[in-house]
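*Asks:* All I have is the shape, not the residue letters:
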């Protein structure tokens with residue numbers, strides 16, 4: 001299945017633990033960096049303005065399953081899949097690979113919110129972004 005977007009990055013020394021393996025927390029940073037790059041690629045800002053109100057995308061769920069270790073100097077490919085677009089939220093799936101080796105699989109769900117005088121309130125995903133994302137929905141697990 002073709003991802004909606006992909007980036008590559010090289011594992012830095014500071015991202016590894018004493019065993020020389022990427023610390024688990026960095027996989028969440030990799031997924032978030034790929035998500036941000038994806039949104040920039042479709043001309044959308046993570047923090048925006050909707051009719052004069054500041055908006056954002058706080059995470060409401062994040063998971064990662066680790067399949068193989070990654071080490072300093074490895075080049076990782078982070079593939080982004082748009083899994084689900086709801087009225088006020090989006091779910092992305094990620095596959096992190098080194099060559100043909102699956103390193104990790106994860107997901108991030110983000111809610112679209114407005115920062116109002118009354119606090120943070122979930123608001124609908126703008127129609128233009130919604131239609132863009134819906135056209136990119138894929139399920140990497142459907143690949144045979």
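*Replies:* Alright, I've got the coordinates. Please read these numbers as outputs of a predicted model, since none were measured by experiment.
*Asks:* Mind listing what's buried along stretch 67-83?
*Replies:* 70, 74, 76-83 (16 or more other CB atoms under 10 Å). Yep, even glycine has a C-beta here, placed from its N, CA and C like the rest.
*Asks:* For the residue nearest to residue 48 when sequence neighbours are not counted, give me its contacts.
*Replies:* The spatially closest residue to residue 48, leaving aside those adjacent along the chain, is residue 55, at 5.0 Å (CB to CB, 6 or more residues apart in numbering). Neighbouring residues of residue 55 by CB atoms under 8 Å, 6 or more residues apart in numbering: 47-49, 112-115, 123.
*Asks:* Now those in JSON lines, please, with extra columns for distance to residue 35.
*Replies:* Shown next, in JSON lines, are those (distance: CB to CB, whole Å):
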{"residue": "47", "distance to residue 35": "13"}
{"residue": "48", "distance to residue 35": "15"}
{"residue": "49", "distance to residue 35": "20"}
{"residue": "112", "distance to residue 35": "14"}
{"residue": "113", "distance to residue 35": "16"}
{"residue": "114", "distance to residue 35": "20"}
{"residue": "115", "distance to residue 35": "20"}
{"residue": "123", "distance to residue 35": "19"}
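*Asks:* Provide a ChimeraX selection command restricted to the buried entries of these.
*Replies:* Those of the contacts of residue 55 that count as buried under 16+ other CB under 10 Å are selected in ChimeraX with:
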select :48,112,113,114,123
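*Asks:* Mind listing residues that contact stretch 126-139?
*Replies:* With CB under 8 Å, 6+ apart as the test, stretch 126-139 has contacts from 1-4, 42, 44, 50, 81-85, 90, 93, 124-125.
*Asks:* Span of it from start to end?
*Replies:* 23 Å (CA to CA, to the nearest Å).
*Asks:* Find out how far it is from the centre of the chain, if you would.
*Replies:* Counting by CA atoms, centre = their mean, to the nearest Å, stretch 126-139 is centred 14 Å from the centre of its parent chain.
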